[in-house]
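# my questions are about this predicted structure, shown below with the sequence.
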Amino acid sequence: MFKSPKTVLWTIFGDLLEPISHFFELRGDDMEMTLRWYGTGFDSVTLQQIRQVPGVHGVITTLYDSVPGDAWELSAIQKIKKEVQDAGLKIAGIESVNIHDDIKIGGGDRDKYIENYIKTLERLGQEDIHMVCYNFMPVFDWTRSELARLCEDGSTVLAYNSKAIDGVKPEEMFASIDKDSNGFILPGWEPERMARVKELFEMYKSVDEEKLFNNLVYFLKAIMPVCDKYNIDMAIHPDDPAWPVFGLPRIITSQDKVCRMLKAVDNPHNGLTFCTGSYGTNRKNDLCEFIKAAQGRIHFAHVRNLKFNTAIDDPVLDFQESAHLSSTGSFDMFKIVKTLYETGFDGVIRPDHGRTIWGEKCMPGYGLYDRALGATYLQGLWEACEKTIDRSGVKLYR
Ligand code: DNO
């Protein structure tokens, strides 16, 4: 079987190199398992806890209190990088560098904000950070009707019921999200932002899907040179759920739309966060076919499971997030991991939202326990692939 020099080195000196491998990226031609970490003061989970999750050597983080549109200070990036390294981990990527609304709307100041975004990318590149997740959703980031639906085993999960969503005004939605957030600020649902919900809706009034798409392409074309220079992979997060909500346009929802976007800016650095739980909300999306169609452009994978509670033709859509295991939800998780493996995926991966279990007090979806179980399960599936499937003929991405 073909083995790259990196893999050969790893095979011979693996045991010796393991404790320091994450500093030098000496691991085999492998995916990189990570956990999301919001930063000290924002997260109930510590870096020291993450360090003890088997196989996890990196975190996905951000400057959580940064304001979209501002250029990140180099010193702030260096500070969080040092904190992560001091805990024996590395920053495997950023989720997210958020996009200012003027860029999405195509407003008069968009070039100024793009310039700032480029400065942020430049500084991340200088600090050896090469993967950036972002989204292009108007007004809201992800949307759920409940953050703590009680399951029969006593755990709680995030859930979506179309009747509940269709029947509320966006501002009421925020109040219910805020009430269930255990005192944490949820990504995309920052109170300052929600206080401007009406104003934001007004701003997006003249933006339809085509305009939003063109504004995304404009943004991507402008940032590709800096991505080329610093080898930064941009990984757009899908719209969650994968259809328009509250009458707002959504463009990163399906294989066709995503392939159009990848083609419009046909640079390997223009890639995806393949979030199974977001694309999978729309049951018309065939996740494995989608992974194959985006081969080579999936830089970041969020892998989690969903459980649908209503039939596919039911006008009411109800789903909830489940544990990561195939047996607890509607997705075939082995098939998903296997397809990533077979198509040469060697990027950053993380378990996504977990259930809240064992009485943990945490940000809904982002507790330690269920995500640690998820990370371990996903690594088990990956190991099964490595030991049974020959992908020596497959071109890996990196
Ligand atoms: C929710 C997350 C999203 C995601 C952003 C990326 O839990 O999946 O908030 O991080 O959409 O920009």
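Happy to help now that I have it. This one's a predicted model, so the numbers in the text were calculated from it and none came from an experiment.
# check the secondary structure at V84 for me.
For V84, the secondary structure call by DSSP: H, G, I helix; E, B strand; the rest coil comes out as helix.
# ok, it touching I94?
No: using C-beta atoms under 8 Å, V84 makes no contact with I94, being 11.6 Å away. To be clear about C-beta, it is placed using only N, CA and C from the backbone, and glycine gets the same treatment.
# where do the contact lists of these two overlap?
In terms of C-beta atoms under 8 Å, 6 or more residues apart in numbering, V84 and I94 are both contacted by the residues T61.
# which SS class is the closest residue to P351 other than its chain neighbours?
Distances taken as C-beta to C-beta, 6 or more residues apart in numbering place G374 nearest to P351, at 3.0 Å, with adjacent residues excluded. Assigned with three-state DSSP, G374 falls in the helix class.
# what parts of the stretch 1-150 of the chain come near the ligand?
Contact residues (C-beta under 6 Å from any ligand atom) of the stretch 1-150 of the chain with the ligand: 95-96, 133-135, 141-142.
# return a ChimeraX selection command for the buried portion of those.
Those of those that count as buried under 16 or more other C-beta atoms under 10 Å are selected in ChimeraX with:
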select :95,96,133,134,135,141,142
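# closest one of the residues of the stretch 1-150 of the chain next to the ligand to S392?
Ranking those by separation from S392, with C-beta to C-beta as the measure, puts C133 on top at 29.7 Å.
# from what I can see G106 touches N215, true?
Yes: with the criterion set as C-beta under 8 Å, G106 and N215 qualify as a contacting pair; they are 4.5 Å apart.
# show me which of these two is the more surrounded one.
The residue with the greater number of neighbours, taking G106 and N215 and applying other C-beta atoms under 10 Å, is N215; the counts read 21 against 16.
# that one: which element?
With the criterion set as DSSP states H and E, the secondary-structure element containing N215 is helix 209-230.
# that older thread, same list, the residues of the stretch 1-150 of the chain next to the ligand, but as TSV with secondary structure, pLDDT and distance to Q52 please.
As requested, those are exported to TSV (DSSP: H, G, I helix; E, B strand; the rest coil; pLDDT from 0 to 100; distance: C-beta to C-beta, whole Å):
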residue	secondary structure	pLDDT	distance to Q52
E95	strand	98	22
S96	coil	97	26
C133	strand	98	25
Y134	strand	98	30
N135	strand	98	30
D141	coil	90	30
W142	coil	91	28
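# just the residues of the stretch 1-150 of the chain next to the ligand now: which is nearest P238?
Of these, the one sitting nearest to P238 (C-beta to C-beta) turns out to be N135, at 7.9 Å.
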